[in-house]
Each structure stands twice: as structure tokens, then as C-alpha cells.
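In: Below is the structure, and that's it, no one-letter string:
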């Protein structure tokens, strides 16, 4: 089971995340591309760090929303969504190639990620953008109990889905992430987080907030490295998965 993390989200002199501490413990880095965070120098620094630690690089495109950190839905036509995904992925891939790397997958960020999961038209627009790229045909998305529609759309474009779950998020009985506004939506206990990750890795299941067991076909687990505690948690998870 691979660990992925959102990276390169600093901007100019403003620092966010603990990328240097996190990178040695993850397998896949979702690198911000300048629309919700980051800038060319930050992107380059993150790419160099990923290359140093043999971490696979993915583009992390979003709506053009630095003030809202990409967490606000912004109305777009489907063609505009295709263009903004391709634009950001292309910028990151150009920087990657300066350091002997390339973009290996796309993972939308924030509101674009959530909108893609809720709206099949937006999902197909993102899939179409990925299918047009010459350097990857891989799209990371939230694993669901029923993936049939998503699988059908992606297969029609020749796009491969990388299905992820979240280490520190509670799940509803329907297999969706519990809204952050609800109590208990974010897991904070290290033992509970490790148990959830190992259950996904070993059994292919997850236990919902109410205690229901759900089957999830997962390729990767998303972790967050914003502080010393979370970095220690990532190290603990990596050792548990590989030990």
C-alpha cells in the first residue's frame, strides 16, 4: 500500500507543510501547480526533493483560487476544466523534465476534487484532460464502494484510475468522507488512524463511523504532513505497512 501526500503548497516567502520531513516516508507526492498554492521555484524545490527520495510525482491542479486555497467551487464550463487541468499539469511536467523526472499522475485538489466526485460531467472533463496528456494517463480519485460508473467513463478514455482512501478521515455508511463540519470527521488518535490504514491494506475494508464494514478497493492512502505530530504519524504508518 502506497502513501501519498499533498506537497509544494508554500508560496514565495510563506511556508506551508513540512515537505522535507515528510518526503522520506511517502511514495507519491501530489505537487501543487500554482493555482491554489505554490510558484515555479517552490514547484522546482519540491520536484528536486521528490527525485532525491525516489518519490513518484503527481500534478495537483485546482480551481484558480489562492485566497481560498482551492477549497471554493468556481463555476466553469467543461472545456474550461479540461484546459485548467492540462495547463497546470503541463507547467509541472516542464519543471520536472529539468530535473530528469515527469508527471506520473493527476490528482485534483480541494473543491475540484470534490466536484469531480459529485458531478459526472466534471469527472468526465477531468478524465478527458488526463487522456489528452502525452506523459500520463493516470488519475487519482477517492475510492468508492461502487466504482462502476467511474470505471466505465475512465475506461472509455483509456485512463487508469488510482483509487485512494484517507488515513485520518471518518467514513459514512455510503462510503463517502464524513463532512468536516460533523464531529468525529477527522481522526486524531494515532492508534485509530493506524488501525484504519492497516484494515484497508490487509483486508480491503473500512469501518464507517457507525460501525458498518465497507469494501474499498484502494491503491494508495492519503496522509497529511502539516506539523510534527502528523510527520511522526506518517513515519509510524510507513513502518507499520512495510514491517
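Out: Yep, that arrived. Fair warning: this is a prediction, and the values are worked out from it, not measured in the lab.

In: so where do the helices sit in this structure?
Out: 19-22, 40-52, 78-98, 110-118, 120-132, 148-157, 190-203, 228-242 (DSSP state H).

In: need the contact list for the residue positioned nearest the centre of the chain.
Out: Central residue of the chain (C-alpha atoms, centre = their mean): residue 107, 5.0 Å from the mean position. Applying C-beta atoms under 8 Å, 6 or more residues apart in numbering, we find residue 107 in contact with 4, 30, 58, 59, 60, 113, 139, 140, 141, 162, 164. In this view, the C-beta of every residue, glycine as well, is placed from N, C-alpha and C.

In: which stretch in the helices of the chain has the least confidence?
Out: The minimum mean pLDDT among the helices of the chain belongs to helix 228-242 (a mean of 91).

In: What's the separation between residue 89 and residue 162?
Out: Using C-beta to C-beta, to the nearest Å, residue 89 is found at 15 Å from residue 162.

In: Residue 17 too?
Out: In terms of C-beta to C-beta, residue 17 sits 21 Å off from residue 162.

In: before we move on, what about residue 71?
Out: Relative to residue 162, and taking C-beta to C-beta, residue 71 is found at 22 Å.

In: So for these two, which sits in the more crowded spot?
Out: Neighbour count, other C-beta atoms under 10 Å: between residue 71 and residue 162, residue 162 has more, with 20 against 15.

In: Who does that one form a beta bridge with?
Out: Beta bridges link residue 162 to residue 140, judged by DSSP bridges.

In: Check residue 221 too.
Out: Bridge pairing for residue 221 - DSSP bridges - gives residue 3, residue 165.

In: Counting neighbours, what do you get for it?
Out: 27.

In: Adjust the sequence numbering to begin at 7 for everything that follows.
Out: Fine by me, first position is 7 from now on; the one you just mentioned is residue 227.

In: quick one: it and residue 170 touch, right?
Out: Yes. Because the distance of 6.7 Å satisfies C-beta atoms under 8 Å, residue 227 is recorded as touching residue 170.

In: For these two, list the residues in contact with both.
Out: residue 10.

In: Name the nearest residue to residue 38, sequence neighbours excluded.
Out: residue 44 (3.8 Å; C-beta to C-beta, 6 or more residues apart in numbering).

In: and if you look at residue 204?
Out: residue 246 is the one closest to residue 204 (C-beta to C-beta, 6+ apart), at 6.2 Å.

In: and if you look at residue 151?
Out: residue 181 (3.8 Å).

In: For the one you found, grab phi and psi.
Out: Dihedral pair for residue 181: phi 90, psi 10, per degrees, to the nearest 10.

In: can you pull the contacts of it?
Out: 149, 150, 151, 152, 212, 214, 220, 222.

In: Excluding sequence neighbours, find me the nearest residue to the fourth one.
Out: Distances taken as C-beta to C-beta, 6+ apart put residue 181 closest to residue 152, at 7.8 Å, once the chain neighbours are dropped.
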